[in-house]
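K.L.:
this one's sequence-less:
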Ligand code: SF4
């Protein structure tokens, strides 16, 4: 299909320093944990964005020397020729798709861990690291400042050798250049401290050093947090603009990648959809564009082509920047260009991708199961191998895993029947999208629903009720996928004790599961949410209840409510929300019993109530710590049990018990997928559905095929060969 002319403006070429980008789509720097050590994954992941139409594609933050070492987090590195070779692979792949390759040069100042190199970092002043206060920066001398500038210049030369077209100086996120600019960090009294001009000097000299090192052949741009969102204690909008003016006056910066906030306030920039709408940074880019001669890049989870056109036509920016939109759909530009914007797999703003940075594993995406699997499993987000022996497949359950499995099986040419007991597809997401702030998560359903509708070989049957083993055996399908999901437990069992809580029984009127709440089960005025899960469901229940005017107490075994949202960048604002909505939290507590009655009592105990000394040799039959029966009685009207989930495997068990009848009924295999195999987060359930469908032809499709691991092998060449 032809592209809609209203989107033509998005495909205009843009001059950027000495280069020209062929359109306005700019894949901004973001982490993926490949760094320079996994060149295959790195090149294929970034290259896919270039293939999908992003005209500029950047690395994550890239350390310029061992002193700027963020281990255990993974940055790219340009420390030596080995890094040059590995990143060269990425630039070659990006260039093969007619895109520009960018690298984001990084020196953390007091914000890197130094755990691998063991080196303290130099900063403008001595201060403890905000996140690791035992680490201090060293207040550098003027001579040391010049050494750091040399490190930048050497890294820039290596960047050019590696084939990069564009060098982005990261001066946002509390890293070194902004540490010099900000009086919050910079307490110097020499020519690098005091007045605004003095504090700006280091950043300007960095830009100059990068330009000189690359002789005007490469684009030199800077990422700037135009407003750190911490008021007069940090860089405010007028400070940010003043710096842009200075740099523009000296012609030092070819383009500006604008963002907001600080390293610790990252969640106010990569805003989760729970708290931030997309297209929320026009106010930050427009005044920069009014000053800058070169192009300006805007971010803010832009996935709607109409919003993108507005960004350009209203003079907010020149480039549509995308980190998460380019992860969820690397083919986003191409889909607009080909006149099929309805096929865009829109980011849901869950920030599971970011959570992987914090917990130290590969990036993964809820919406795009192929992200980071392009090289190691050979998965392409838009290309699917034809089924070797197409056959009829019954998929029981249209939740996240079932929908994804049916979609990919359909694309591969299988004859698929997707059957859902309820009136609509979506499974657990139908409830989740009604939790406060999570409406955008409904895109998990809408994307798949629209794609399934286009597949003539996939029939979706809804409202069919629960299928029995007899129903499945008599259905006539050659292969059966069981995707019946999981349910919240009614007995209070959790990871705290792996035992039911005495008195916990959600069939009683005083106790509920989240599903019962969403189905409308009545609750009284005082509600206790028992949340051992620690992610979005517990706070979803608590906020829902608070919004309904209830008095809410959360009892959680962890140090804080909803601990996992710290990793998804929702954590800070979740805590603000709990405080603002007067939701009380009892951390490090759990329930030893619940007494349901006219007044319901939760007998809550502190997880650390036993003594701190361990008796040795240990006594038989009792805890070796000093016993305690101390409890806090919490009175309420209702308890919501967000304790653990249980696989809905009754159908699977019944079918497996009748395996001897499969062949006679024409069934070649039965495959559990997603939460019905083991409960997990949405991203992993969708991944499982996708994985099974990709490998459905394999003799043992239940077992994932091995993937390529990039690691050195002692005394051997790297395997596999690049
Ligand atoms: Fe978007 Fe979530 Fe995917 Fe990240 S993980 S790109 S926030 S859908």
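P.N.:
Done, it's in. Quick caveat: nothing in here was measured; it's all calculated off a predicted structure.

K.L.:
ranges for the helices of the stretch 501-650 of the chain?
P.N.:
514-518, 536-547, 571-580, 650-657 (DSSP state H, counting those that start in this stretch).

K.L.:
could you measure from residue 127 over to residue 184?
P.N.:
9 Å (C-beta to C-beta, to the nearest Å). C-betas here are computed from N, CA, C, even on glycine.

K.L.:
on that earlier part again, out of the helices of the stretch 501-650 of the chain, which is closest to residue 112?
P.N.:
helix 571-580 (21.4 Å; C-beta to C-beta).

K.L.:
buried residues in the closest one?
P.N.:
Of all the residues in helix 571-580, those buried under the rule 16 or more other C-beta atoms under 10 Å are 571-575, 577-578.

K.L.:
now do stretch 253-268
P.N.:
Going by neighbour count (16+ other C-beta under 10 Å), the buried part of stretch 253-268 is 253-263, 265-268.

K.L.:
any low-confidence regions in the chain?
P.N.:
For the chain, residues meeting the criterion pLDDT under 70 lie at 718-722.

K.L.:
if we use 50, what do you get?
P.N.:
Counting by pLDDT under 50, the low-confidence segments of the chain come to 722.

K.L.:
okay, now the domains of it?
P.N.:
Domain segmentation of the chain under automatic domain parsing yields 5-359, 392-468+648-694, 488-646.

K.L.:
any idea how far the nearest residue to residue 341 once chain neighbours are set aside is from the ligand?
P.N.:
Among residues not flanking residue 341 along the chain, residue 305 sits closest, at 5.0 Å (C-beta to C-beta, 6 or more residues apart in numbering). With the distance defined as C-beta to the nearest ligand atom, to the nearest Å, residue 305 ends up 17 Å from the ligand.

K.L.:
now swap in residue 503 and tell me
P.N.:
38 Å.

K.L.:
run a quick neighbour tally on residue 40.
P.N.:
The burial count assigned to residue 40 is 22, neighbours taken as other C-beta atoms under 10 Å.

K.L.:
please enumerate residues in contact with the helix or strand where it lies?
P.N.:
Using DSSP states H and E, residue 40 falls within helix 39-51. Under the contact criterion C-beta atoms under 8 Å, 6 or more residues apart in numbering, helix 39-51 has outside partners 27, 32, 34-36, 57-59, 76, 85-87, 89-90, 92-99, 101, 326, 330-331, 362-363, 371-372, 374-376, 380-381, 708, 710, 720, 722.

K.L.:
equivalent analysis for stretch 232-247, please.
P.N.:
Residues from elsewhere that reach stretch 232-247 (C-beta under 8 Å, 6+ apart): 178, 181-182, 184, 196-197, 200, 203-204, 207, 222, 224-228, 253, 256, 262, 284, 287-288, 291-292.

K.L.:
hmm, which of these are the buried ones?
P.N.:
For the contacts of stretch 232-247, a neighbour count by 16+ other C-beta under 10 Å gives the buried set as 178, 181-182, 184, 200, 203-204, 207, 222, 224-228, 253, 256, 262, 284, 287-288, 292.

K.L.:
now the stretch 501-650 of the chain against the ligand: closest residue?
P.N.:
Relative to the ligand, the nearest point of the stretch 501-650 of the chain is residue 568 (8.2 Å; C-beta to the nearest ligand atom).

K.L.:
burial measure for the residue of the stretch 1-150 of the chain at minimum distance from the ligand, as a count.
P.N.:
Using C-beta to the nearest ligand atom, the closest approach of the stretch 1-150 of the chain to the ligand is made by residue 30 at 9.3 Å. Neighbourhood size, residue 30 [other C-beta under 10 Å]: 21.

K.L.:
before we move on, what about residue 465?
P.N.:
Residue 465 has 10 neighbours, counted by other C-beta under 10 Å.

K.L.:
up against the ligand, what does the stretch 251-400 of the chain have?
P.N.:
Contacts of the stretch 251-400 of the chain with the ligand, taken as C-beta under 6 Å from any ligand atom, map to 324, 327-328, 347-353, 365-367.

K.L.:
those residues in helices, which ones?
P.N.:
Per DSSP state H, helices hold the following members of these: 324, 327-328, 352-353.

K.L.:
of those residues, which is the most crowded?
P.N.:
residue 324 (29 neighbours).

K.L.:
what sits against the closest residue to residue 504 other than its chain neighbours?
P.N.:
Among residues not flanking residue 504 along the chain, residue 492 sits closest, at 3.0 Å (C-beta to C-beta, 6+ apart). Shown in contact with residue 492 (C-beta under 8 Å, 6+ apart): 500-501, 504, 530, 591, 594, 641, 643.

K.L.:
buried ones only from these, please, as a PyMOL command.
P.N.:
The PyMOL command for the buried members of the contacts of residue 492 (criterion: 16+ other C-beta under 10 Å) is given here:
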select buried, resi 501+504+530+591+594+641+643
